[in-house]
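A.B. asks: no sequence on this one, just coordinates:
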């Protein structure tokens, strides 16, 4: 059977059968992906947070499992000698024909690439075998027989109160609201203050699916009043009585961008046409690259693919050299950057100086842990790549020497290319130690205090997510361009519940007191918070601000209490928006994990 679109060109039954197998593999993947998002609604309604967390982690692995299933089927079915160049060329053409009318063609193309690149060696496959750029348009898919991506409401005709109530109730959440009329009134008051009188053609557009993450559900939309557009997000939470409340309405760009930050876990969203959701979200987040929007929607492989295409485009239109990234050199990672590109490239070294004791597999496991964990806005998401070919002439000689010295097993020169066999890419930030040093040297005490407040808040947010950073030195944290502190050195992280937080024993005698070495036994997972003082607070100003805002971090009892809370099954609230925008704490949600001062809340920065 030959696809009708190419009756003369295509004659290989093998190519057609392989194309069909890959498309069916993708369709199975996306069916399961949507089912996970649909289950998220039930988990939210029931307040089953632990199950929701497990489901979110498991979904991250769906893609790789389906790719490996597909690869295994093809390797079992076909001998490598059957897969000639002509078969590969026809295979791609058949696949393009099979995506006619498909609702997720861009994702299916990426899946095709993943399968092919798992079968073919890097030195063998050619661009004509895979989708280097999209071949099937995602424009106007909704003109076909699909459910609308967003619903449209007309408040000038129906009244704003009725419209807002319809927006909420149309999601048909199977959990009662504590007082929906009261909450609608608060939302209406905020919208009315921003818009004033409604124009006759005013409308509200709301995405048809809720966005689920952690303990919240989010209504995402925009209000259009004449020539004005107002993006908004309405968080829905459970109160202590297991009833629902509208917790806020986010209308400021900085708050909405923060919600969709690269430092947070992926949303669970049921999308028939994901490209339409991405297009709608880009009208709310015009400065967010398409790749990041795909990623935050849980389509991280598509985001990774789109990012790499953006990177190649940038490389083509720039001429600066890759060079060693500024800052203190890491013991386990070699970090380099392209100055004109806002990301860094991280390579695991082949060897590590004392006292560092670790392995490449352990480090990769820590990065995988972070990928699967709730990052609570405090850990950068990373993109992991294998066999990345860089133009050799774009590398400084110092960088090439460093790579060949510290990671010779991962670097290969191939003609005009320099191939790095494994690396991570993440958003570039200013190392916190450099930020604090600059603030101190320039006499900017406000920036210095802000940095320390954010540093402590980052640690407390991580603790709420059951993460102990391990190495808490300032150099392992970064400051985003919007002055939020984010952790990015993962090789020593542990679960809080695996740590043993201890008080330093009193010296038994004068010899103990004068000893340069500890006089007490130390286990592998023992942590002595009192010692943080020695490593972190040598600067008098930093000490002053740290003790003012975060002295509790030096207390073993504070850490032990947090561990006990986590071990008991309590999942703390870490809000992805500032406390001051919440309507109020009237329904007594559990105490926020991020104990932020009111002054910082008023200047909450976005990603």
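C.D. replies: Here it is on my side, so go on. Remember, it's a predicted structure, so these values are computed and weren't measured experimentally.
A.B. asks: so residue 208 makes contact with residue 167?
C.D. replies: No: between residue 208 and residue 167 there is no contact under Cβ atoms under 8 Å: 11.0 Å. Bear in mind the C-beta positions are built from the backbone N, C-alpha and C, glycine included.
A.B. asks: Quick check: neighbours shared by those two?
C.D. replies: Common contacts of residue 208 and residue 167 (Cβ atoms under 8 Å, 6 or more residues apart in numbering): residue 151.
A.B. asks: A strand includes residue 20, no?
C.D. replies: No: counting by DSSP: H, G, I helix; E, B strand; the rest coil, residue 20 is not found in a strand; it is helix.
A.B. asks: number of nearby residues for it?
C.D. replies: By other Cβ atoms under 10 Å, the residues close to residue 20 number 15.
A.B. asks: give the contact list for residue 131.
C.D. replies: Listed by Cβ under 8 Å, 6+ apart, the contact set of residue 131 reads 92, 109, 110, 112, 113.
A.B. asks: all strands of the stretch 101-250 of the chain, in order?
C.D. replies: 150-153, 203-207, 211-213, 216-225, 228-238, 244-246 (DSSP state E, counting those that start in this stretch).
A.B. asks: Dump the ones you listed to TSV, plus mean pLDDT, distance to residue 35 and mean neighbour count.
C.D. replies: Output for the strands of the stretch 101-250 of the chain, formatted as TSV (pLDDT from 0 to 100; distance: least, Cβ to Cβ, whole Å; neighbours: other Cβ atoms under 10 Å):
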stretch	mean pLDDT	distance to residue 35	mean neighbour count
strand 150-153	96	22	16
strand 203-207	97	19	21
strand 211-213	97	13	23
strand 216-225	96	18	21
strand 228-238	96	22	19
strand 244-246	97	24	23
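A.B. asks: May I see the ones you listed arranged in a markdown table, with distance to residue 557 as well?
C.D. replies: Shown next, in a markdown table, are those (distance: least, Cβ to Cβ, whole Å):
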| stretch | distance to residue 557 |
| --- | --- |
| strand 150-153 | 50 |
| strand 203-207 | 45 |
| strand 211-213 | 32 |
| strand 216-225 | 31 |
| strand 228-238 | 30 |
| strand 244-246 | 33 |
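A.B. asks: Would you confirm that residue 484 contacts residue 455?
C.D. replies: No: contact between residue 484 and residue 455 fails when scored by Cβ under 8 Å: they sit 10.5 Å apart.
A.B. asks: These two: which has the busier surroundings?
C.D. replies: Neighbours were counted for residue 484 and for residue 455 using other Cβ under 10 Å; residue 455 has more, 26 against 22.
A.B. asks: ok but that one is inside a helix, no?
C.D. replies: Yes: assessed with three-state DSSP, residue 455 lies in a helix.
A.B. asks: and the closest residue to it other than its chain neighbours, how many neighbours does it have?
C.D. replies: Nearest residue to residue 455, sequence neighbours excluded (Cβ to Cβ, 6 or more residues apart in numbering): residue 485, at 5.1 Å. For residue 485, the neighbour count with other Cβ under 10 Å is 25.
A.B. asks: swap in the one 10 residues further on?
C.D. replies: By the criterion of other Cβ under 10 Å, residue 495 has 15 neighbours.
A.B. asks: Tell me what it is bridged to.
C.D. replies: Residue 495 has these beta-bridge partners by DSSP bridges: residue 467.
A.B. asks: Make 11 the starting number, not 1.
C.D. replies: New numbering, starting at 11: the last item is residue 505.
A.B. asks: is it true that it touches residue 479?
C.D. replies: No: the criterion here is Cβ under 8 Å, and residue 505 misses it with residue 479 at 11.5 Å.
A.B. asks: Against residue 286, how distant is residue 582?
C.D. replies: 35 Å (Cβ to Cβ, to the nearest Å).
A.B. asks: Check residue 358 too.
C.D. replies: Taking Cβ to Cβ as the measure, residue 358 falls 39 Å from residue 286.
A.B. asks: and if you look at residue 359?
C.D. replies: Look at residue 359 and residue 286: by Cβ to Cβ, they are 44 Å apart.
A.B. asks: what does residue 576 give?
C.D. replies: According to Cβ to Cβ, residue 576 stands 39 Å off from residue 286.
A.B. asks: So between these two, which is more surrounded?
C.D. replies: A count of neighbours by other Cβ under 10 Å puts residue 286 above the other of residue 576 and residue 286, at 22 against 18.
A.B. asks: Kindly confirm my reading that that one is in a helix.
C.D. replies: Yes: judged by three-state DSSP, residue 286 forms part of a helix.
A.B. asks: Excluding chain neighbours, what is closest to it?
C.D. replies: residue 159 (4.0 Å).
A.B. asks: For the protein, give me the ranges with low pLDDT.
C.D. replies: Applying pLDDT under 70 to the chain flags residues 11-21, 131-138, 152-154, 522, 595-617.
A.B. asks: swap the cut-off to 50 and go again
C.D. replies: By pLDDT under 50, the weakly predicted segments of the chain are 11-18, 596-598, 600-617.
A.B. asks: per-domain residue ranges of it.
C.D. replies: Residue ranges for the domains of the chain, per automatic domain parsing: 23-147, 160-309, 328-438, 441-582.
A.B. asks: Endpoints of the last one, how far apart?
C.D. replies: The reference is to domain 441-582. Start-to-end span of domain 441-582 (Cα to Cα, to the nearest Å) is 28 Å.
A.B. asks: chain center to that domain, what's the gap?
C.D. replies: 24 Å (Cα atoms, centre = their mean, to the nearest Å).
A.B. asks: surely residue 184 meets residue 55?
C.D. replies: Yes: in this structure, residue 184 is within contact of residue 55 by Cβ under 8 Å, at 4.8 Å.
A.B. asks: Have a look at the two and say which one is more surrounded.
C.D. replies: residue 55 (16 against 9).
A.B. asks: Show me what whichever strand or helix holds the more buried one is packed up against.
C.D. replies: Using DSSP states H and E, residue 55 maps to helix 23-56. Counting contacts by 3 or more Cβ pairs under 8 Å, 6 or more residues apart in numbering; DSSP states H and E, helix 23-56 packs against helix 59-70, helix 72-87, helix 95-108, helix 115-129, strand 221-223.
A.B. asks: For the stretch 411-560 of the chain, just list every one of the strands.
C.D. replies: Under DSSP E, counting those that start in this stretch, the stretch 411-560 of the chain gives strands at 421-424, 427-437, 440-441, 477-478, 487-489, 495-497, 504-505, 510-511, 536-537.
A.B. asks: residue contacts, the residue nearest to residue 465?
C.D. replies: 388, 442, 461, 464, 465, 467, 468, 487, 488, 489.
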